[in-house]
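**Q** I'd like to go over a predicted model; first the sequence, then the structure.
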Amino acid sequence: MISEPTYLAAKLVSHRIVAHFEKQAGRLADSGWKYVPDTATIEILIDTAFWASLRREEGYEPKISLAFAPPDRAGNSLVFQDRQRFTPGNLVKLSPAAVQPGIHLGVWLEGDNFHIWGTAHEVPSNCVVVEVIEAGLLVIKQKHREGIGKFINVVVLKGNQIKVIDGNHWGLADSPSMLSSLLGLSDPKSADRSEDVLVQLALAMRSHKRGALLLVVPTNSTAWLHSTVKPINYLVKPHAMVPVFGGEATPDSIGTDPLYKVVHAVGGYSAIDGATVITDDQRLLAFGVKVARSPHALPVTQLMLTEPVAESEMQLLDATRIGGTRHLAAAQFVNDQHDALSMVASQDGTFTVFSWSEQQQMVHGHRIDTLLM
């Protein structure tokens, strides 16, 4: 029997999570698993994960992914002979078993008793996944209903801060396609995987925690050179350009998939001081590039900033208030090169995509760090 939840944010957001999964269950095919937990169950899952996140095991901060599903609904699973009680202490002790990407601790409820039944590599599309990112930071996720690609973030909880993901708050009609991919709104089976590669690059850029700037420019165009300082020390020869690989990285292929390897290599280049430049068909052009205003463009003065979070509002900001030098360089580059895209990973964990808005005739900054956790 689990005690009454004491983490207030769990109580405040549980009904919105249930409403989301009920809506998703209605979209599943008849063969899909449409079970949706009630608000009390959601509260207990979040509350237990939250208190586990504040503990330490042998000095390590736990990173945990919980999947609320029975063993017979989780493919490729390892089932314990003796179930473990669902408590913060047991979660922390078992967290090393689920620290690798794609592995979840399976949690289920029988009667009034929650238990940890084992580990799972595959979960149903409508399964509630609660991931502990760091102390006090949780993300409630869902597998893409097509079963492909990155998990979709539903809610981000950081202490008493609640962020409910809502794509209507950044105007997807006038935004880069990678943002649709992050929200799970694009077709993951489409032949063009360019936006998925950008999502994976974003994750790789953020993972080294040194800060990074990535510029995406049109193929077969040299206009971007007008917005750089010459000479560029690390131009890549044509024969060394990054090829585009097909296929999807799965939990079993992580680390061996060719696309995964190339993406993380480029992510490593992004840690070098300066910008990394790729084409929109994912070919590496240069890294360590210094960005400068084009002689044919005016300085960027204002831009709009949005985040895909419910109740958030569009902000109109002076360019000097959007962040550090990387952010200003990224905004200026897009202000110069309207057909380009720039992506900035900050050392503090924030992530912003800059694009040109034809509707507003200004640079549009998209804060997407809540979607990359």
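**A** Structure received.

**Q** next one: stretch 201-215 to chain centre, how far?
**A** 12 Å (CA atoms, centre = their mean, to the nearest Å).

**Q** kindly report the same for stretch 88-95.
**A** 25 Å.

**Q** for stretch 283-290, same thing?
**A** For stretch 283-290, the distance to the chain centre is 24 Å (CA atoms, centre = their mean).

**Q** give the buried residues for that stretch.
**A** 283, 284, 285, 286, 287, 288, 289 (16 or more other CB atoms under 10 Å). C-beta coordinates here come from the backbone N, C-alpha and C atoms, glycine included.

**Q** what's it in contact with?
**A** 215, 217, 219, 228-229, 232-236, 240-244, 266, 269-270, 272-279 (CB atoms under 8 Å, 6 or more residues apart in numbering).

**Q** rounded mean pLDDT for that stretch, please.
**A** On average, the pLDDT along stretch 283-290 is 92.

**Q** where does the chain have its least confident helix or strand?
**A** helix 177-183 (a mean of 72; mean pLDDT, DSSP states H and E).

**Q** then that one to CSV, C-alphas only?
**A** Output in CSV follows, covering the C-alpha atoms of helix 177-183 (Å, rounded to 0.1, in the frame of the first residue of the first chain):
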residue,chain,number,x,y,z
SER,A,177,9.5,21.0,-39.5
MET,A,178,11.9,19.6,-36.9
LEU,A,179,9.6,21.2,-34.2
SER,A,180,6.7,19.1,-35.5
SER,A,181,8.9,16.1,-35.2
LEU,A,182,9.8,16.9,-31.6
LEU,A,183,6.1,17.1,-30.8
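
**Q** C-terminal to that helix, what's the next element?
**A** Downstream of helix 177-183, the first helix or strand assigned by DSSP states H and E is helix 194-207.

**Q** off-centre distance for that following helix?
**A** Worked out by CA atoms, centre = their mean, helix 194-207 lies 9 Å from the chain centre.

**Q** which other helices and strands contact it?
**A** Based on contacts counted as 3 or more CB pairs under 8 Å, 6 or more residues apart in numbering; DSSP states H and E, the elements that helix 194-207 packs against are helix 177-183, strand 212-217, helix 258-269, strand 341-345, strand 351-357.

**Q** just the buried positions in it, please.
**A** Buried, per 16+ other CB under 10 Å, within helix 194-207: 194-206.

**Q** sorry, back to before: between the helices and strands packed on helix 194-207, which gets nearest to residue 23?
**A** Minimum separation from residue 23 across the helices and strands packed on helix 194-207 (CB to CB) falls at helix 177-183, 14.0 Å.

**Q** which elements pack onto the closest one?
**A** So helix 177-183, by 3+ CB pairs under 8 Å, 6+ apart, packs with helix 194-207.

**Q** avg pLDDT for the helix it packs on?
**A** In the prediction, helix 194-207 has an average pLDDT of 80.

**Q** what angle sits between it and strand 341-345?
**A** 30 degrees (axes from the mean of the first three to the mean of the last three CA atoms, to 10 degrees).
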